[in-house]
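>>> Next one to model:
(2 chains)
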Number of protein chains: 2
Amino acid sequence: MAVYTQVSGAALAEFLSAYDLGAALAFKGIAEGVENSNYYLETGTGRFILTLFEKRVNAGDLPYFIGLKQHLAGKGYPCPLPVMARDGSALRTLEGRPAVIITFLDGLSPRRPNVRQCRALGEGLARMHLALADFDMTRENALGPAAWTKLWAGRTQAANALQPGLSDTVEAAFVQIVQARQTFSSLPRGTIHADLFPDNAFFLGDEFSGAIDFYFACTDALAYDLAVCLNAWAFDEGHAADGSALEYNFSKGAALIAGYQSVRPLSAMERDALPVLSLGASMRFFLTRLADWTSTPAGALVRPKNPLEYAARLAFHRRMESAQGYGA
Amino acid sequence: MAVYTQVSGAALAEFLSAYDLGAALAFKGIAEGVENSNYYLETGTGRFILTLFEKRVNAGDLPYFIGLKQHLAGKGYPCPLPVMARDGSALRTLEGRPAVIITFLDGLSPRRPNVRQCRALGEGLARMHLALADFDMTRENALGPAAWTKLWAGRTQAANALQPGLSDTVEAAFVQIVQARQTFSSLPRGTIHADLFPDNAFFLGDEFSGAIDFYFACTDALAYDLAVCLNAWAFDEGHAADGSALEYNFSKGAALIAGYQSVRPLSAMERDALPVLSLGASMRFFLTRLADWTSTPAGALVRPKNPLEYAARLAFHRRMESAQGYGA
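Next up, the predicted model:
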């Protein structure tokens, strides 16, 4: 649910006058994306999404994100394509914010992905990695291990308030991840999506129809992207209202990994690293959620997501000894 | 910003199977309407809005709202048309909620309506009244004077906390309205929209392209609908952050009234009643906003609108002695 910046009719008309799209016939704020404001935009020439980048996105990164989507779309990979203004620029300004118009992508985000969708998602992720193999721009993962210490600082008490003893689990996981750092650094790297949650994947029926929201994309271990997806797609809600009870759905996880490997087989080292990569991915989402949880003012329009959902995954991955446990 | 009910892919597919629209190609929550959940829905046969009715809408009223839109659309009035399932029903059930699919209406809601749009809106409102002259269903105004006492009860302190002395203004306004009740009851009545705010009106450029969100429509004095629009369209934000400073924009108000009268001239009695009708309309929105303000829990996803914006209008209308002051 994300519409942070309101756009006046006059500002929109002036913005559109730089494009060859015609005037707006419809313009509606949509509940898509969390970091940015997104609008459904229709003109005489088609349907589009207009995105305004809010504060949390670093404007310096935008050319990377736009270049990435142009590269993917150029390879025929289903993702939104930035639309260029008449002067050839894709990134412009609207209501004082960086803004981009992208093409509209058909498809629905699954609320509860099924096993077939998990398999298709795994294939789609691997195809994305291959399509990006010759993409030559790079971006550091701003939410990798180096950022975690900063996110964790001063939040021990907040974590224990959510769940007694949680800070011990988090710190033990840190140790596990640091010990595996050598392994991390030797894994095959490339451009990863890094946030391919069900919200950001589209399907027509059980068929993967595309990926959106590349605003966490970066250069990192390819298998880490798979680990993010395992966290995001292969856990089922448990029965605890606070999200602390979650169950790994082995069928979904195995299907996701098998789908991925049907396009890009994992190396033995990547396979072995799956537990610690999954632990790292759960750490990343736990920590950003914890930070949002403790810093979102009461009365804000966006309700922060419960960090405990990722604390539960974190505890699960700590116990996992091999990739077999995930169905690999 | 309203998406209260989440819809699973399976539930949507089953719901759509009762229609001849084809499968969903896109489905996105949109920030439109306050009382209901609204989705942009696209299928192979076109674009639609899917609305799920939330608790605040009385399910017994839904056939009235649907009949009203069918009547208007039948007269060629630009408004969304409910889409019927194969069995001829327009009102069905989705995720346990009453739900309806309506056609997609092109147009943009103005953030800050200009004078030309105010004139066009006045014309559009009068055309709506004429198109509904032979609509034979009726519905009592559930937010008319009879409801105000209940909304006000127990909220004196809350009002004074917002603005010292506000309860005196409100109660004096009550007296003024009660004294004019005789006049109210002899005004020409008919079907009114009762909530035609800029959010609920679409324009292509300065041309009125349609009205949406008829879920407060009812049978009441036609001129009251004009008074609602004067409140909603003809005040400009003042400079006080809490909305307490507002200025009547005479040009906008006069244009709105002139537009209305170009299609349906007001009778002398309607014209004379404009100040007290406007006072009544400001009371209605002040009281519902006050109720929302005092009952919305901290942390809710919807931020309640500031009642003071309508307290300021209320104070303005109390001082108004004749319709001339509005530009009539």
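>>> what about residue A:52, which helix or strand?
Applying DSSP states H and E as the criterion places residue A:52 in strand A:46-53.
>>> and that strand with strand B:46-53, angle?
50 degrees (axes from the mean of the first three to the mean of the last three Cα atoms, to 10 degrees).
>>> where does residue A:41 land on pLDDT?
With respect to pLDDT, residue A:41 has a value of 97.
>>> Please disregard the earlier target; I meant residue A:90.
For residue A:90, pLDDT reads 91.
>>> quick one: secondary structure of it?
The local conformation at residue A:90, judged by DSSP: H, G, I helix; E, B strand; the rest coil, is coil.
>>> Next: residue A:154.
coil.
>>> what does residue A:40 give?
Recorded secondary structure, residue A:40: strand (three-state DSSP).
>>> residues in contact with the residue nearest to it when sequence neighbours are not counted?
Distances taken as Cβ to Cβ, 6 or more residues apart in numbering or on different chains put residue A:28 closest to residue A:40, at 4.6 Å, once the chain neighbours are dropped. Glycine gets a C-beta too; all of them are placed from N, C-alpha and C. When contacts are counted by Cβ atoms under 8 Å, 6 or more residues apart in numbering or on different chains, residue A:28 touches A:39-40, B:30-32, B:40.
>>> give me the element residue A:28 is part of.
Assigned by DSSP H and E, residue A:28 falls in strand A:24-29.
>>> what about that strand, distance to the chain center?
26 Å (Cα atoms, centre = their mean, to the nearest Å).
>>> Only alpha carbons, please: show that strand as CSV.
Output of strand A:24-29 as CSV, limited to C-alpha atoms (Å, rounded to 0.1, in the frame of the first residue of the first chain):
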residue,chain,number,x,y,z
ALA,A,24,-3.6,10.8,-19.4
LEU,A,25,-6.9,9.1,-19.6
ALA,A,26,-6.7,7.4,-16.2
PHE,A,27,-4.3,7.8,-13.3
LYS,A,28,-4.8,5.8,-10.1
GLY,A,29,-2.6,5.3,-7.1
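>>> avg pLDDT for that strand?
94.
>>> same deal with stretch A:140-157?
93.
>>> Endpoint to endpoint, it covers what distance?
With Cα to Cα, to the nearest Å as the measure, stretch A:140-157 spans 30 Å from end to end.
>>> buried set for that stretch?
By 16 or more other Cβ atoms under 10 Å in any protein chain shown, the buried positions in stretch A:140-157 come out as A:141, A:143-144, A:148, A:151-152, A:155.
>>> Please list the residues outside that stretch that contact it.
A:58, A:167, A:170, A:174, A:177-178, A:181, A:192, A:194, A:216, A:218-220, A:280, A:283-284, A:287-288, A:290-291, A:294.
>>> Also stretch A:202-212?
The set of residues external to stretch A:202-212 that reach it, using Cβ under 8 Å, 6+ apart, is A:32, A:77-80, A:105-110, A:114, A:116-117, A:120-121, A:123-124, A:128, A:193, A:196, A:200-201, B:9, B:23, B:25.
>>> Tell me which entries of these lie within strands.
Within the contacts of stretch A:202-212, membership in strands is found for A:201, B:25, as judged by DSSP state E.
>>> Just the buried subset of the contacts of stretch A:202-212, please.
In terms of neighbour count (16+ other Cβ under 10 Å), the buried residues within these are A:32, A:77-80, A:105, A:107-110, A:114, A:117, A:120-121, A:123-124, A:128, A:193, A:196, A:200-201, B:9, B:25.
>>> Now intersect those residues with the helices, please.
Assigned to helices by DSSP state H, the following of the buried ones among the contacts of stretch A:202-212 qualify: A:117, A:120-121, A:123-124, A:128, B:9.
>>> of all those, which comes closest to residue A:224?
Using Cβ to Cβ, residue A:128 comes nearest to residue A:224 of those, at 13.5 Å.
>>> how much space is there between that closest one and chain B?
Noted for residue A:128: a distance of 21 Å to chain B, by Cβ to the nearest Cβ, to the nearest Å.
>>> For that residue, list the residues it contacts.
Residue A:128 makes contact with A:72, A:77, A:193, A:211 under the criterion Cβ under 8 Å, 6+ apart.
>>> ok now do the third one, which residues does it touch?
Applying Cβ under 8 Å, 6+ apart, we find residue A:193 in contact with A:125, A:128, A:200, A:211, A:214, A:216-217, A:225, A:228.
>>> which one of those is nearest chain B?
residue A:200 (13.0 Å; Cβ to the nearest Cβ).
>>> residues contacting that closest one?
By Cβ under 8 Å, 6+ apart, the contact list for residue A:200 reads A:109, A:193, A:211-213.
>>> Let's see that with 6 Å instead.
A:212-213 (Cβ atoms under 6 Å, 6 or more residues apart in numbering or on different chains).
>>> Look up phi and psi at residue A:162.
With angles defined as degrees, to the nearest 10, residue A:162 sits at phi -70, psi -40.
>>> rewinding a little: format the ones in helices among the buried ones among the contacts of stretch A:202-212 as TSV; extra columns: distance to residue B:270.
Formatted as TSV, these follow (distance: Cβ to Cβ, whole Å):
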residue	distance to residue B:270
A:117	59
A:120	62
A:121	62
A:123	67
A:124	62
A:128	64
B:9	51
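>>> Quick check: the farthest pair among these?
So, those by Cβ to Cβ: farthest apart are A:128 and B:9, at 21.9 Å.
>>> With the flanking residues excluded, which residue is spatially nearest to the most centrally placed residue in chain A?
Geometric centre of chain A, nearest residue: residue A:195, 1.5 Å, by Cα atoms, centre = their mean. Counting by Cβ to Cβ, 6+ apart, residue A:195 lies nearest to residue A:216, which is 4.0 Å off, once chain neighbours are set aside.
>>> One more: residue A:318?
residue A:173 (5.8 Å).
>>> for that neighbour, what are its contacts?
A:279, A:283, A:314, A:318.
>>> Chain A: strands as residue ranges?
In chain A, the segments counted as strands under DSSP E are A:24-29, A:36-43, A:46-53, A:92-94, A:97-103, A:189-192, A:201-204, A:207-211, A:218-221, A:235-237, A:246-248.
>>> what does the helix or strand bottoming out on mean pLDDT in chain A rub up against?
Ranked by mean pLDDT, DSSP states H and E, the weakest helix or strand in chain A is helix A:181-185, scoring a mean of 81. By Cβ under 6 Å, 6+ apart, the residues outside helix A:181-185 that reach it are residue A:273.
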